[in-house]
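[1] Sequence and predicted structure below; questions after.
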Amino acid sequence: MSVSGQYRSGRGDRAFPAFRHTESLPKGLRRGAALNDRPGKQAADDRCGEDETVPGTERRSGRRSGGSRRGGGESSVLDRQRPFKQITNPFPPIAPMNTDQLERVHDISMRIIEEIGIEVMSTDARRRLRDVGAKVDDGTGIVRMDRALVTDLVAKAPETFTLTPWNPERTVRIGGNVINFGMVSGPPNVHDAIRGRRPGNFADYKDLMKLAQSFNVITMFGNQTLAPTDLPANSRHLDTYLANLTMTDKVFSGMSIGSGRVRDLMEMQAIARGLSVEDLAGSPSAITNINVNSPRKLDREMSDAATTLAEKGQAVVVTPFTLMGAMTPVTLPAALAQQNAEALLTIALIQAVRPGAPVIYGCFTSNVDMRTGAPAFGTPENAWANLAGGQLARRYNLPYRTSACNASNMADAQSVYETEMALWGAVMGHGNLVYHAAGWLEGGLVASFEKLILDVEILQNMAAFLEPVDFSDAEFAFEAIRDTAPGGHFFGAGHTMERFKTAFYEPMVSDWQNHENWELAGARDASMRATDIWQEALTRYEAPPLPSDRREALEAYVARRKEDIGSGEP
C-alpha cells in the first residue's frame with residue numbers, strides 16, 4: 001500500500017497523508033483513512049426503529065450520529081458499550097493529606113463528638129446510643145461520645161460487602177478497589193432537548209429506569225432517580241420500587257424518609273428474590289443513603305431508616321451534607337473534621353444496633369458561591385474533598401461513597417468539565433460508590449436525558465482508562481516494528497490486522513470526522529448526538545425477565561400497602 005499526497009483535515013493547518021490504495025485496508029480502517037470519500041449521510045437502515053416513536057416524544061428525522069465510524073457504521077453506537085462487569089481501580093489512591101494532617105482531622109472530629117456533640121432527634125436512636133455508653137442530654141438532644149467508644153463501634157463495620165439484586169448476575173461488590181457508578185438521585189425536575197424542562201413525573205421516571213437498565217457502565221442507582229411529583233408523596237416510593245424491580249435487574253437504593261419506606265424496600269426486594277426478609281440478612285439487597293443535616297443534626301427520619309435497615313443486616317450510606325460556607329466553615333480542614341464527626345457518630349449508631357451491619361462512609365463536601373449562596377460542584381475544593389474523603393474512609397477501613405456532580409444549568413461544556421473534575425477526585429480517591437454519576441444537572445435540581453448520555457460516555461472512558469495494560473511480549477510488537485520501513489506505516493501490519501477492531505476504546509458520542517464531513521452530516525454537537533442516543537436506547541429497551549409469579553406478588557404487595565397508607569397506617 002502506497003501513501004502519497006495530502007489533504008486538509010479541517011483541524012487547523014495540520015495536514016495528514018491521503019491513502020490512494022485504501023482497498024487493501026480492513027473495511028473499518030478504509031473508512032477512517034479515506035475520509036474524503038465518506039458520505040455525509042448515513043443509510044436509512046443505519047438507525048434502530050427509525051419509524052418508531054418514543055413514548056411522549058416525536059423522533060427527530062435526519063442523520064443518525066453519535067461517534068466515530070471507525071467500525072464501519074453498520075451497527076448502532078449502543079453496540080459499542082462495554083459489558084456489564086465489575087470495574088476495579090488498579091492505581092494507588094491519591095492521599096492529599098500527609099499523616100500528620102490526617103490525624104489532625106481525626107483528632108478535631110473526635111473533639112467535636114466528645115466536647116460539642118451532635119443533636120440526635122430520634123428518641124429511639126438516643127436510647128440506643130445511651131445503652132452503649134454515650135452521654136445523652138434528652139432536653140437538647142445532644143449526644144456526646146468518648147473517642148474510644150466511637151472507634152470501637154466503627155471498627156465493627158465490614159471493610160467490604162456485596163449487594164445482590166433479584167438477578168444475581170448483577171451483584172455488586174462494595175469496598176476494596178471496586179468502583180460502582182450510580183445514576184442521579186432525587187431531582188424534582190427533568191429536562192431533555194425535545195420537551196424542555198418540566199416537573200418530575202412518573203412517565204419520565206420510567207424512561208430513566210429504562211436508560212439505567214440499558215447502559216452497562218451504570219451498575220446501581222440511587223433513591224428515586226427522579227421525584228415523580230405527579231404521584232402521592234406518601235406512597236410514591238411503592239410505585240418507584242415496583243418500577244425498579246420490574247423494569248431493571250440492578251441494585252437500587254431506597255427512600256430514607258423514615259422506617260416505613262425502607263421496610264417496604266426490604267419486603268419488595270425479598271419478594272423479587274423469592275426470599276424472606278430474614279434471608280436477606282445473609283445476602284443483603286437493600287441499601288439507602290441518609291444525609292446528616294449539617295451542621296451537627298441527625299434527623300429522626302434519617303436515623304429511623306438507618307436503624308431499621310441495620311436491624312435486618314442491610315446497608316446504609318452515611319453522608320453528611322456539608323457545603324463549605326453554608327453547612328460548614330469555609331475552610332477545607334474544618335469541613336472535613338465536621339463531616340468526619342457527623343459520619344462517625346452515625347456509623348457508631350448503626351453498629352450499636354447491629355455489629356457488623358454493612359455501612360458506607362459518605363462524603364458530599366463542596367462549596368457554595370459566596371456571592372449568591374448557590375451550591376457549586378466540580379470545583380477544585382470539591383475534587384480535593386473527594387480525595388480526602390477517601391483517605392478518611394480508608395483510615396477507618398470503611399467503603400467509600402462520593403459523587404461526580406456539576407452546577408451547570410444545561411448539558412454544556414461547564415457540565416462536563418465540572419463532572420470530570422469531580423469524577424477524577426472520586427476515582428483517584430478510590431470511591432467505591434460514585435453517586436450522581438449520570439444525569440445530574442442544575443446542582444441536583446434536574447435529571448437530564450442528554451447529560452445522562454454524556455455522562456455514560458465519560459464513565460465508559462474512565463472504565464477503559466482503568467483497564468490494566470497488557471505488557472506481554474506480543475504487545476510490544478517487536479516484529480512489526482522491525483518489518484516496517486522507516487517512514488512507513490502500520491495500517492497493513494499483521495499486528496494491526498489482528499487487533500484493529502478492538503485496539504482502542506470506541507466512543508458512543510464522540511464524532512471524529514473532519515470538519516467538512518462533520519458539516520455535511522449536519523454539524524451536530526455532542527448534546528444533539530446524545531439526544532439521538534437516548535431516543536434509540538428507549539426504542540431498543542427490553543424489560544428483564546422477572547418471573548411472573550414474583551411480579552404478581554409485588555403488584556399485590558403494592559396494592560395492599562397503598563390501602564394501609566390510605567387508612568393511616570405507617
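    Nice, thanks for sending it over.

[2] Got the phi and psi for Arg401?
    Arg401 adopts backbone torsions of phi -110, psi 130, taken as degrees, to the nearest 10.

[3] pLDDT value on it, please?
    At Arg401, the predicted lDDT confidence score is 98.

[4] ok, it - how many residues close by?
    27 (other C-beta atoms under 10 Å). All C-beta spots, glycine's among them, are computed from the backbone N, C-alpha and C.

[5] isn't it right up against Ala437?
    No - using C-beta atoms under 8 Å, Arg401 is not in contact with Ala437; the gap is 11.1 Å.

[6] Mind listing the residues bridging to the closest residue to Phe321 other than its chain neighbours?
    Nearest residue to Phe321, sequence neighbours excluded (C-beta to C-beta, 6 or more residues apart in numbering): Asn291, at 4.5 Å. Beta-bridge pairing for Asn291 (DSSP bridges): Thr319.

[7] Can you report how many residues neighbour Asn291?
    Neighbours of Asn291 (other C-beta under 10 Å): 19.

[8] give me every residue that touches Leu392.
    Listed by C-beta atoms under 8 Å, 6 or more residues apart in numbering, the contact partners of Leu392 are Leu102, Val105, His106, Leu336, Gln339, Asn340, Tyr361, Cys363.

[9] Just the pLDDT for the fourth one.
    Per-residue confidence (pLDDT) for Leu336: 98.

[10] Same question for the third one.
    What the model reports as pLDDT for His106 is 98.

[11] What of Leu546?
    For Leu546, pLDDT reads 97.

[12] Which stretches in the stretch 101-250 of the chain count as strands?
    Under the criterion DSSP state E, counting those that start in this stretch, the stretch 101-250 of the chain contains strands at 118-120, 135-137, 142-144, 161-163, 172-174, 178-183, 189-192, 196-199, 218-221.

[13] Now tabulate the ones you listed in JSON lines and tack on distance to Gln269, mean neighbour count and mean pLDDT.
    Output for those, formatted as JSON lines (distance: least, C-beta to C-beta, whole Å; neighbours: other C-beta atoms under 10 Å; pLDDT from 0 to 100):
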{"stretch": "strand 118-120", "distance to Gln269": "28", "mean neighbour count": "23", "mean pLDDT": "98"}
{"stretch": "strand 135-137", "distance to Gln269": "34", "mean neighbour count": "16", "mean pLDDT": "98"}
{"stretch": "strand 142-144", "distance to Gln269": "31", "mean neighbour count": "19", "mean pLDDT": "98"}
{"stretch": "strand 161-163", "distance to Gln269": "10", "mean neighbour count": "21", "mean pLDDT": "98"}
{"stretch": "strand 172-174", "distance to Gln269": "14", "mean neighbour count": "22", "mean pLDDT": "98"}
{"stretch": "strand 178-183", "distance to Gln269": "17", "mean neighbour count": "26", "mean pLDDT": "98"}
{"stretch": "strand 189-192", "distance to Gln269": "26", "mean neighbour count": "24", "mean pLDDT": "98"}
{"stretch": "strand 196-199", "distance to Gln269": "28", "mean neighbour count": "12", "mean pLDDT": "98"}
{"stretch": "strand 218-221", "distance to Gln269": "13", "mean neighbour count": "26", "mean pLDDT": "96"}
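
[14] closest to Arg273 out of those strands?
    With C-beta to C-beta as the measure, strand 161-163 is the member of those nearest Arg273 (11.7 Å).

[15] Contacts made by that closest one with the rest, please.
    Identification of contacts with strand 161-163 by C-beta under 8 Å, 6+ apart yields 171-175, 220, 251, 283-285, 287, 315, 358, 399.

[16] Would you mind listing which of those are buried?
    Using 16 or more other C-beta atoms under 10 Å as the burial test, the contacts of strand 161-163 include 171-175, 220, 251, 284-285, 287, 315, 358, 399 as buried.

[17] Identify, from the residues you listed, the entry nearest to Asn98.
    Taking C-beta to C-beta as the measure, Asn98 sits nearest to Pro399 out of those, at 23.5 Å.

[18] Without its sequence neighbours, what residue ends up closest to the closest one?
    Nearest non-adjacent residue to Pro399, counting by C-beta to C-beta, 6+ apart: Gly175, 4.0 Å away.

[19] ok, now how distant is the spatially most central residue of the chain from Ile533?
    The chain has Gly182 as the residue nearest its centroid, 2.4 Å off, counting by C-alpha atoms, centre = their mean. Gly182 is 20 Å from Ile533, where distance means C-beta to C-beta, to the nearest Å.

[20] Settle this for me: Pro83 is touching Thr219, isn't it.
    No - with contact defined as C-beta under 8 Å, Pro83 does not count as touching Thr219 (11.6 Å).

[21] What residues sit buried inside the helix or strand containing Trp518?
    Assigned by DSSP states H and E, Trp518 falls within helix 515-520. Within helix 515-520, the residues that qualify as buried are Glu516, Asn517, Trp518, counting by 16+ other C-beta under 10 Å.

[22] Leaving out sequence neighbours, find the closest residue to the last one.
    Looking back up the chat, that one is Trp518. Using C-beta to C-beta, 6+ apart and skipping residues adjacent in sequence, the residue nearest Trp518 is Asp511, 6.2 Å away.

[23] isn't the one you found right up against Glu519?
    No - using C-beta under 8 Å as the test, Asp511 is too far from Glu519 to be in contact (11.3 Å).

[24] after the helix holding Trp518, next one along is what?
    helix 526-540.

[25] packing partners for that next one?
    Secondary-structure packing of helix 526-540 (3 or more C-beta pairs under 8 Å, 6 or more residues apart in numbering; DSSP states H and E): helix 202-214, helix 449-466.
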